[in-house]
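Asks: Predicted structure and sequence below. I'll ask about it afterward.
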Amino acid sequence: NLQESFDNIIFLSKHKAASGKPSLTVHPIGIPWQLDNELSGGIPGKCSPPNYLMSRLYCSILKECKIRGLDSRYEVTMEATHHGPYVDLPTCFVEIGSSENDWAIPEAGAIWADILVKELGIASQDSKDITSDVNYKKLAVVMIGGGHYVPKLNDAARLGDRVYCGHAITTYALDGLFEDQLRWKNVIFEAITTTKIGIPFAEIICLVDKKAFK
């Protein structure tokens, strides 16, 4: 039983983008809008619970890039929910992008390694405080609408340590679903309910990018 060994998962992976721009990214996983998993893995219609450390990891990698003078080289961003696998533990991907040349650069791997060692150590120390302090109001943001890269979710993450980032469902994921109201609702419901599972100590709020919907 995996849950007897650990309570959350962080996948270290590579990110591929047509732009080829060097990047360091963080994102939750799931394919709640898809009907098959042939190209993406996971379980159609399902999201894995998001890892509550996502916003912290994003802010830490952003800060560390500035300290090391790498902020002009790397685009640091969160991404919307996409691909598999499906797991029932709080999960996220941290990635190096966006081309084969970038994947082999030692500094990119080193900066992620340093951040993960630091943040996982902090998380193990304060996880009880996070979940038990009822007087310390916390929010978990679910993003609805927008593109694959989510600047508004980045902004939410930078608001401080009371704000956590959950799933982000893009406009393109919802395109074509509006005529099927039940399926559309199920996608949003899955994003919200699994965010609550992954970040149970926070109040859920939905951030809707109205301009992204015509």
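Replies: Cool, got the structure.
Asks: Run me through the strand neighbours of the host helix or strand of residue 165, direction for each.
Replies: Using DSSP states H and E, residue 165 sits in strand 163-169. Strand pairing for strand 163-169, determined by DSSP bridges: strand 139-144 (parallel).
Asks: Can you get me the centre-to-centre distance for the strand it pairs with and its chain?
Replies: When distances are taken as CA atoms, centre = their mean, to the nearest Å, strand 139-144 is centred 11 Å away from the chain's centroid.
Asks: quick one on the thing from earlier: starting at the chain centroid, how far to the strand holding residue 165?
Replies: 7 Å.
Asks: And stretch 104-124, by the same measure?
Replies: With CA atoms, centre = their mean as the basis, stretch 104-124 stands 17 Å off its chain's centre.
Asks: Same question for that stretch: list its buried residues.
Replies: Neighbour counts over stretch 104-124 (16 or more other CB atoms under 10 Å) mark 108, 111, 112, 115, 116, 119, 123 as buried. Bear in mind the C-beta positions are built from the backbone N, C-alpha and C, glycine included.
Asks: and if you look at stretch 86-96?
Replies: For stretch 86-96, the neighbour count (16+ other CB under 10 Å) marks 86, 87, 90, 91, 92, 93, 94, 95, 96 as buried.
Asks: isn't the fourth one right next to residue 28, touching?
Replies: Put plainly, it is residue 91. Yes. The pair residue 91 and residue 28 passes the contact test of CB atoms under 8 Å, sitting 7.2 Å apart.
Asks: where do the contact lists of the two overlap?
Replies: Common neighbours of residue 91 and residue 28, using CB atoms under 8 Å, 6 or more residues apart in numbering, are 48, 50, 51, 198.
Asks: how about the nearest residue to the last one, chain neighbours excluded?
Replies: Nearest residue to residue 198 in three dimensions, chain neighbours excluded: residue 49, at 3.2 Å (CB to CB, 6 or more residues apart in numbering).
Asks: Thanks a lot, see you next time.
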